[in-house]
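Asker: Here is the input, now give the coordinates:
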Amino acid sequence: MLPAPVVPYIRMADYAVRTPWQTGERRLLDYLLIYFQEGACTVTISGVAYDVPAGHFCLIQPNELHTLQGRSNTITPFVHFDMFYHPRREESFVTHSFTTDIRHLMHLAQPRLNDIPGITVPSIFLPHDTPTFREQMLKMIGTWQQGDVIGQLQSQHYAFGLILALIQQFSSIPPAYRHRPDALNWVTAYCSFHLAEPLYVADLANRANLSQSHFNALFRQRFGTSPHQYVMRLRIQRAQELLQHPHHSLSQIADLCGFADVHHFTKAFKQLTTLTPGKYRAHMQSPDQ
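Answerer: Numbering: from 1, shown residues only. The predicted model follows:
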């Protein structure tokens with residue numbers, strides 16, 4: 001059981017291109033995720049020093065005493081973020097170097113992932129799907145730096161995907177639980193967050209640590225339909241919401257809902273609603289509605 005709802009809140013993010021550098025000891029109230037893209041770096045956490053190879057990631061959890069050192073020119077994209085919902089999150093902050101005593105600030109500190117039974121995230125790690133994880137992290141930083149509401153929502157979307165990937169990779173969920181229909185409760189949220197992207201049954205089955213055939217059977221038990229039909233229904237429901245706003249073109253809606261093009265979107269929409277997207281929009285905007 002997680003200690004609070006997972007609601008990412010990004011506090012600081014940057015691509016960090018630097019000459020040799022070093023931080024002083026400190027403890028954090030939030031999480032720090034670093035991607036070591038280029039250069040020679042050493043991370044010391046709780047007295048243990050790690051020489052981090054390029055291409056690896058580091059997760060520093062709240063209240064871990066640590067220092068960071070770039071021993072050469074480096075590129076180290078990073079993000080400070082809350083993982084779990086906290087009503088006072090805007091009062092929290094990124095601590096400075098040499099902030100080692102945060103006992104008086106613990107009311108603002110995030111719960112630690114590694115304090116949750118069954119979850120152990122190593123300080124230095126390689127994700128199962130490193131290219132996707134890296135791409136999502138870089139997109140998260142870029143969208144957060146836009147500084148507008150849409151950018152913040154997009155960055156939270158990417159952060160949620162990263163958190164999900166971490167928990168799935170580094171949690172020891174009992175096999176018996178994975179084979180119950182309610183073990184797929186994450187599917188709706190995950191698919192909703194990724195509607196604009198291709199969603200393959202093989203990838204979903206892999207995330208559930210199940211064979212594709214077993215995943216399909218369990219999915220039908222849980223949702224009463226096939227994964228393809230379920231995702232299509234989510235796409236159409238999202239399209240129906242967007243069609244109520246006239247500033248979205250059909251091409252934009254098709255793209256946002258994960259359709260290959262307007263023709264594919266129109267055909268799928270009509271199959272499920274009996275109306276074309278244009279007629280549905282006109283109907284919803286009719287004065288009688």
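Asker: Toward the C-terminus, what is the element adjacent to the helix or strand of the chain with the lowest mean pLDDT?
Answerer: In the chain, the helix or strand scored least confidently by mean pLDDT, DSSP states H and E is helix 175-178, which has a mean of 65. Downstream of helix 175-178, the next assigned helix or strand under DSSP states H and E is helix 186-193.
Asker: What is that following helix packed up against?
Answerer: Under the contact criterion of 3 or more C-beta pairs under 8 Å, 6 or more residues apart in numbering; DSSP states H and E, helix 186-193 touches helix 149-170, helix 201-207, helix 212-223, helix 227-243. For every residue, glycine as well, the C-beta is placed using N, CA and C.
Asker: These into TSV, with extra columns for distance to Glu38, mean pLDDT and mean neighbour count?
Answerer: Listed next are the helices and strands packed on helix 186-193 as TSV, based on distance: least, C-beta to C-beta, whole Å; pLDDT from 0 to 100; neighbours: other C-beta atoms under 10 Å:
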stretch	distance to Glu38	mean pLDDT	mean neighbour count
helix 149-170	20	92	18
helix 201-207	29	91	17
helix 212-223	37	93	16
helix 227-243	37	94	18
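Asker: Out of the ones you listed, flag the one nearest Arg18.
Answerer: helix 149-170 (22.3 Å; C-beta to C-beta).
Asker: Run the angle between the closest one and helix 186-193 for me.
Answerer: 150 degrees (axes from the mean of the first three to the mean of the last three C-alpha atoms, to 10 degrees).
Asker: As CSV, could you dump the C-alpha coordinates of helix 149-170?
Answerer: In CSV, the C-alpha atoms belonging to helix 149-170 read as follows (Å, rounded to 0.1, in the frame of the first residue of the first chain):
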residue,chain,number,x,y,z
VAL,A,149,-0.2,25.3,-17.8
ILE,A,150,-0.1,23.0,-20.7
GLY,A,151,3.6,22.4,-20.2
GLN,A,152,3.1,21.6,-16.5
LEU,A,153,0.4,19.1,-17.3
GLN,A,154,2.6,17.5,-20.0
SER,A,155,5.5,17.3,-17.6
GLN,A,156,3.3,15.7,-14.9
HIS,A,157,2.2,13.2,-17.5
TYR,A,158,5.8,12.2,-18.2
ALA,A,159,6.7,12.2,-14.5
PHE,A,160,3.8,9.8,-13.8
GLY,A,161,5.2,7.4,-16.5
LEU,A,162,8.7,7.5,-14.9
ILE,A,163,7.3,6.8,-11.4
LEU,A,164,5.3,3.9,-12.7
ALA,A,165,8.3,2.4,-14.5
LEU,A,166,10.4,2.7,-11.3
ILE,A,167,7.8,1.0,-9.1
GLN,A,168,7.1,-1.7,-11.7
GLN,A,169,10.8,-2.5,-12.1
PHE,A,170,11.9,-2.4,-8.5
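Asker: Before I go, just wanted to say thanks for your time.
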